[in-house]
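Engineer: Starting from these lines, generate the structure:
(2 chains)
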Amino acid sequence: MAAVDGLQFQEFDDAENLLGANRDATTISIGDPNEKPTNQRRSLGNSPREEDDDLLGNADSDKTELLAGQRKSAAFWTFEYYQKFFDVDTYQVLDRIKGSVLPLPGKNFVRLYIRSNPDLYGPFWICATLVFAIAISGNISNFLVHLGQPQYHYMPEFRKVTIAATAIYSYAWLVPLALWGFLMWRNSKVMNIVSYSFLEIVCVYGYSLFIYIPAAILWIIPIEWVRWITILVAMCLSGSVLVITFWPAVRDDNRRIAIATISAIIILHALLAVGCKAYFFDAPQIEVPGVSGSIASGNRTVTAVKTH
Amino acid sequence: MAEVDEASKPLLRDLKAVGKKFGHVMYPKKSTTLLRDWDLWGPLLLCVTLALMLQGGSADSKEDGGPQFAEVFVIIWFGSVIITLNSKLLGGTISFFQSLCVLGYCILPLTVAMIVCRLVLLGGTGTASFIVRFIVVVASFGWSTFASTAFLADSQPPNRKALVVYPVFLFYFVISWMIVTFSPSHSDGTTDTGP
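Structural biologist: This is a model prediction of the structure:
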């Protein structure tokens, strides 16, 4: 930096030269964004430089807010309106998935990865994959558990896919809606620095469900403690991403309300995992031996009577 | 007889077009025939065939955990529509019906696999038959995905090809799963424990 010398007018170097001296400096550039090369790292989705930004990305969000305002002009019944929610490239989606399973303390998922470009691609297809992963893994797991038993006849249990789909998509849409409504309501009472739009919350929740896909595949292993450890690990990882994301939005509020909100988020997340495990992976063990066991014993008594 | 000949000419022409597209799917190379002259008769025929064969000969269809005819139909068409919408939202240049046409025609290898599975199941339901069926279905799943990607790839923006291909992969995976887990009529289970 050039030294201040009394009241003499000082020539300051160009932004490029200053930045060359100190590459990690945060710069705010006013002017045509296309001119200067330093602005390239501000453009949406330029991932290698993301770590340089501060926690809230304030310097960035002003410009992206302006740009986002320009994009919102399409009416909601036109195709273009929905196209802007799919404005992501492959590496962006992969980055967001990686960010949802690796919670870094101090790195806010929404500010770091979403950056005012929430997408619906990730949440929708992650939920779809999760639905089929749970249904198929549950099916395989039941098949493996009952492999030696002659009474058990393999059934694809296709009904369960619809139930899984309803449960998971409801979670992915209704919980963010409730949370967003709650945060908006608290926002009107207490001035919060950080507030999220509805789509950003949907985005966070959608990507946070990703960890359950490998967990569902691991649930095929019919050992109880393996399943519980898998649930715990998955919940810790994605739950902490959610907590790190939403803590800044409630911390300015009444202490008890903040803690209650965070606890509700974690409990709902846990309920989804445990509920899926209980319904898709455990229940038929109780049902099938009871039903077909009584039929089998009925057959045996009939044949026993016949032979006598 | 002259009227029958006259009436059957467009029908034969359509059947030939459908048959030609089947050939293109079985030997996929980058050609625009499927895209240019799209039609939905082929996909409809394949979808109905697959759904009928997935019904099976089970006597007590109410307790059958397998998919009903309407469910298979809905999955295939609804899934194709969703994938088409997805690719258009991501910025693809393909038209709606062209994409439906490609996705529907590329179910052909899986339909062939279903026929083979039914034939294998006539011979028995043991582990060997399962392994054979599994290999056949995996091969045709790969074939279907590869064929549809070959036809759809050019119309997608370059940074998003993986984003468009993944739902296609999931779609054919689910159909393959339905084919692999197809089990025949349930009367076998109880008669095995007979005296």
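Engineer: looking at chain A, which helix or strand does the model trust least?
Structural biologist: helix A:283-307 (a mean of 46; mean pLDDT, DSSP states H and E).
Engineer: for the stretch 51-200 of chain A, which spans come out with low pLDDT?
Structural biologist: Filtered on pLDDT under 70, the stretch 51-200 of chain A yields the residue ranges A:51-74, A:114, A:148, A:150-157, A:192-193.
Engineer: rerun that using 80 as the cut-off
Structural biologist: A:51-81, A:84, A:104-116, A:145-160, A:189-195 (pLDDT under 80).
Engineer: and if you look at chain B?
Structural biologist: For chain B (pLDDT under 80), the answer is B:1-8, B:20-21, B:23-38, B:55-68, B:91-92, B:124-126, B:151-158, B:182-195.
Engineer: hang on, residue B:91 packs against residue A:83?
Structural biologist: Yes. Using CB atoms under 8 Å, residue B:91 is in contact with residue A:83, at 7.2 Å. Quick note: C-beta positions are derived from backbone N, CA and C, even for glycine.
Engineer: Residue A:190: what's it in contact with?
Structural biologist: With contact taken as CB atoms under 8 Å, 6 or more residues apart in numbering or on different chains, residue A:190 is in contact with A:252, A:253, A:254.
Engineer: mind checking the backbone torsions on the closest residue to the last one other than its chain neighbours?
Structural biologist: Once flanking residues are discounted, residue A:254 sits nearest to residue A:190: 7.5 Å by CB to CB, 6 or more residues apart in numbering or on different chains. As for residue A:190, its main-chain torsions (degrees, to the nearest 10) stand at phi -120, psi 130.
Engineer: Count the neighbours of residue A:223 for me.
Structural biologist: By the criterion of other CB atoms under 10 Å in any protein chain shown, residue A:223 has 8 neighbours.
Engineer: Then residue A:84?
Structural biologist: Using other CB under 10 Å, residue A:84 is surrounded by 16 other residues.
Engineer: sec struct for it, please.
Structural biologist: Three-state call for residue A:84 (DSSP: H, G, I helix; E, B strand; the rest coil): helix.
Engineer: which SS class is residue B:183?
Structural biologist: Residue B:183 - assigned by three-state DSSP - is coil.
Engineer: these two touch, right, it and residue B:130?
Structural biologist: No. Applying CB under 8 Å as the test, residue B:183 and residue B:130 come out as separate, 10.0 Å apart.
Engineer: More neighbours: those two, which one.
Structural biologist: residue B:183 (20 against 16).
Engineer: Look up how far residue A:243 lies from the more buried one.
Structural biologist: Per CB to CB, to the nearest Å, residue B:183 is found 45 Å from residue A:243.
Engineer: Can you tell me the element residue A:188 falls in?
Structural biologist: According to DSSP states H and E, residue A:188 maps onto helix A:159-189.
Engineer: Is chain B within reach of that helix?
Structural biologist: Yes. For helix A:159-189, a contact with chain B is found by CB under 8 Å from any CB of the partner chain, at residue A:159.
Engineer: swap in stretch A:94-101?
Structural biologist: No. Residues of stretch A:94-101 are not located near chain B by CB under 8 Å from any CB, the shortest gap being 8.5 Å.
Engineer: Show me which positions of that stretch end up buried.
Structural biologist: A:95, A:96, A:97, A:99, A:100 (16 or more other CB atoms under 10 Å in any protein chain shown).
Engineer: And stretch A:220-230, by the same measure?
Structural biologist: So, applying 16+ other CB under 10 Å, buried residues of stretch A:220-230: A:220, A:227, A:230.
Engineer: Can you read off the pLDDT for the first one?
Structural biologist: Read that as residue A:220. On pLDDT, residue A:220 comes in at 86.
Engineer: do the last one as well
Structural biologist: Reported pLDDT at residue A:230 in the predicted model: 89.
Engineer: Just the element for it, please.
Structural biologist: Going by DSSP H and E, residue A:230 is in helix A:224-250.
Engineer: by contact count, what packs against that helix?
Structural biologist: Where contact means 3 or more CB pairs under 8 Å, 6 or more residues apart in numbering or on different chains; DSSP states H and E, helix A:224-250 is packed against helix A:90-101, helix A:109, helix A:159-189, helix A:198-208, helix A:212-218, helix A:255-277.
Engineer: thinking residue A:240 is in contact with residue A:102, fair?
Structural biologist: No. With contacts counted by CB under 8 Å, residue A:240 stays clear of residue A:102, the gap being 9.8 Å.
Engineer: out of these two, which sits in the more crowded spot?
Structural biologist: residue A:240 (16 against 11).
Engineer: What score does that one have for pLDDT?
Structural biologist: Confidence score, pLDDT, at residue A:240: 86.
Engineer: could you pull out the helices for chain B?
Structural biologist: Using DSSP state H, the helices of chain B run over B:2-26, B:33-36, B:41-53, B:69-89, B:96-105, B:108-123, B:127-152, B:161-180, B:187-192.
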